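**Q** Next input, structure requested:
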Amino acid sequence: MNYETICALATPNGVGALGIIRVSGNEALGIVNRCFEGKNITEVASHTVHYGFIKDGDEQIDEVMVSVFRAPKTFTTENSVEISFHGSPHIARKILEVLMKNGARMAKAGEFTMRAFMNGRIDLSQAEAIADVIASENEASRKVALNQLKGGISNEISVLRGDLLNFTSLIELELDFAEEDVEFADRTAMNMLLNRLEEKLNALMESFQYGNAIKNGVDVAIIGKPNAGKSTLLNALLKEERAIVSDIAGTTRDTIEEILHIKGTAFRFIDTAGIRETTDAIEAIGVQRAKEKIATAKILLYLYDEWDATPEEVIGFVKEFWREDLKVILLHNKIDLSKSNENEFDQILSNALIPEFTTTIIPISAKVQTGIETLKKELSSYVENLKTDESTVITNQRHFEALQKSLQSVRNVKTALTQSFHTELLAYELRYALEHLGEISGEFTNDEVLGNIFSKFCIGK
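**A** Numbering: from 1, shown residues only. Reported below is the predicted structural model:
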């Protein structure tokens, strides 16, 4: 495709040793050459680097190294140039200005990657994986994003989609011979394929919970009565005085959020106001926000101590906020002050909550940091237990939703097949199944979806 030539800063804004400006488009070599004092880069070989100066008329702007990449063996498949300059924001602006004077325009967010997609260099899931690689903050998310960049999910889907496309073609052919009542597609073989597709789609969808955890982190709400030790626990986990600790009940009026990485996974700890009935308007807002955080958390840490709680109170709390997708960890705090019936207290809880509610009870002392490492191991094991046998892990909400629609379409095709629906209706359902599977790689998409995806990229990528 013949696009305008674009340019953008590819390195972060700010002062640094070096900066890089990218230029891409059919006229990239000519535009850069017009403001480059050195070799004639329109005549040099691809994938070579050249020393010289960027100039604005007779004025030298900076001493640079220019890397030349000729189409089609470039990221965008277009002629591309990268200019390495001394990392001054002022120099960056000056170079971009002179490039635009000579015919380039500023790139939009994600426009380089969008061109790579539009020109067939990568599919849509790989384009999204590029953003995930850039945004990865731990080893697990980097590995998953890199696997997607290499075509992980696309490869998983494309083989099955190709087989389904063959059957769809045969069904479409049957429509041309409707009056002769012939069948070109083996219904038994088609049903076997649909079963394989359903199994694969289910497996990929099951991996999303783990993928979402390693990509976006896990929300952990710290909950309990006032003065249960919630802020002390947050400080103990972070190993710093992040939250105010006081003997006065109700000190925490709003939520405090901090991120802690445990074995490569980001856990977003949310210290909340103590849950109790109150006439204080500000504290009441804090209690309401605490309940809102419980509703969105994946893990709930409920602190209690036997001096200020009864087993019935703890049980009542768990029953009030219980959800099937919520992991509840009961933290028996202040064990350094425990009474002799400590084990009896927890045994009552255990008997009352299990097996009806899946909970874990961990004795801790947030003050002297007893049991903190045990808690961290329990949090880490939560993520490990989300892993499935699937080698490809879904981390993208759009992919998950496309898989959901694909699975429903596949089930509709199975229904049409088993109930001997008319061939025209069967073909209709098959087309929908193919379309939803194609949404993942971008074979079927629209400008609104593309605009939303690439707008989230940084400019220069």
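
**Q** Can you pull the poorly scored residue ranges out of the stretch 51-200 of the chain?
**A** 151-152, 174-185 (pLDDT under 70).

**Q** how about a cut-off of 80?
**A** 123-161, 163-164, 166-187, 190 (pLDDT under 80).

**Q** Following element in sequence after whichever strand or helix holds Ala295, please.
**A** Using DSSP states H and E, Ala295 sits in helix 281-296. Moving toward the C-terminus from helix 281-296, the next helix or strand (DSSP H and E) is strand 299-304.

**Q** mean confidence score for the helix or strand that that next one is followed by?
**A** Once the chain leaves strand 299-304, the next helix or strand it forms, by DSSP H and E, is helix 311-321. Helix 311-321 shows a mean pLDDT of 81.

**Q** chain center to the next helix or strand after helix 311-321, what's the gap?
**A** Later in the chain than helix 311-321, the nearest helix or strand by DSSP H and E is strand 327-332. How far strand 327-332 lies from its chain's middle: 27 Å, per CA atoms, centre = their mean, to the nearest Å.

**Q** helices or strands next to strand 327-332 in the packing?
**A** strand 299-304, helix 311-321, helix 342-353, strand 359-363, helix 372-384 (3 or more CB pairs under 8 Å, 6 or more residues apart in numbering; DSSP states H and E). (Each C-beta comes from the backbone N, C-alpha and C, glycine too.)

**Q** Show me what it pairs with in its sheet, parallel or antiparallel.
**A** Strands that pair with strand 327-332, judged by DSSP bridges, come out as strand 299-304 (parallel), strand 359-363 (parallel).

**Q** what angle sits between the shortest one and helix 372-384?
**A** Interaxial angle of strand 359-363 relative to helix 372-384 (axes from the mean of the first three to the mean of the last three CA atoms, to 10 degrees): 160 degrees.

**Q** between strand 359-363 and helix 311-321, how many degrees?
**A** 140 degrees.

**Q** contacting residues around strand 359-363?
**A** Identification of contacts with strand 359-363 by CB atoms under 8 Å, 6 or more residues apart in numbering yields 318, 327-332, 335, 338, 342, 346, 349-350, 353, 370-371, 374-375, 378.

**Q** Apply 7 Å and report the result again.
**A** Residues from elsewhere that reach strand 359-363, judged by CB atoms under 7 Å, 6 or more residues apart in numbering: 318, 328-332, 335, 346, 349-350, 353, 371, 374-375, 378.

**Q** By residue count, tell me the biggest strand in this protein.
**A** strand 59-69 (DSSP state E).

**Q** Buried residues, that strand. List them.
**A** 61-62, 64, 66-69 (16 or more other CB atoms under 10 Å).

**Q** Restrict that strand to CA atoms and write it as CSV.
**A** Coordinates of each C-alpha in strand 59-69 appear next as CSV, following Å, rounded to 0.1, in the frame of the first residue of the first chain:
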residue,chain,number,x,y,z
GLU,A,59,22.7,24.7,9.8
GLN,A,60,24.0,21.4,11.3
ILE,A,61,21.5,20.2,14.0
ASP,A,62,23.4,17.1,15.3
GLU,A,63,26.0,14.5,14.6
VAL,A,64,24.0,11.3,13.9
MET,A,65,24.1,7.6,12.8
VAL,A,66,21.5,6.7,10.2
SER,A,67,20.4,3.1,9.7
VAL,A,68,18.8,2.2,6.4
PHE,A,69,16.3,-0.6,5.9
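
**Q** name the helices or strands packed onto the next helix or strand along the chain from it?
**A** Once the chain leaves strand 59-69, the next helix or strand it forms, by DSSP H and E, is strand 80-86. Packing partners of strand 80-86 (3 or more CB pairs under 7 Å, 6 or more residues apart in numbering; DSSP states H and E): strand 18-24, helix 28-34, strand 59-69, helix 89-101.

**Q** Save these as a markdown table, and put in distance to Glu199 too.
**A** Shown next, in a markdown table, are those (distance: least, CB to CB, whole Å):
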| stretch | distance to Glu199 |
| --- | --- |
| strand 18-24 | 42 |
| helix 28-34 | 47 |
| strand 59-69 | 43 |
| helix 89-101 | 52 |
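
**Q** Out of the ones you listed, which is closest to Ala402?
**A** strand 18-24 (29.0 Å; CB to CB).
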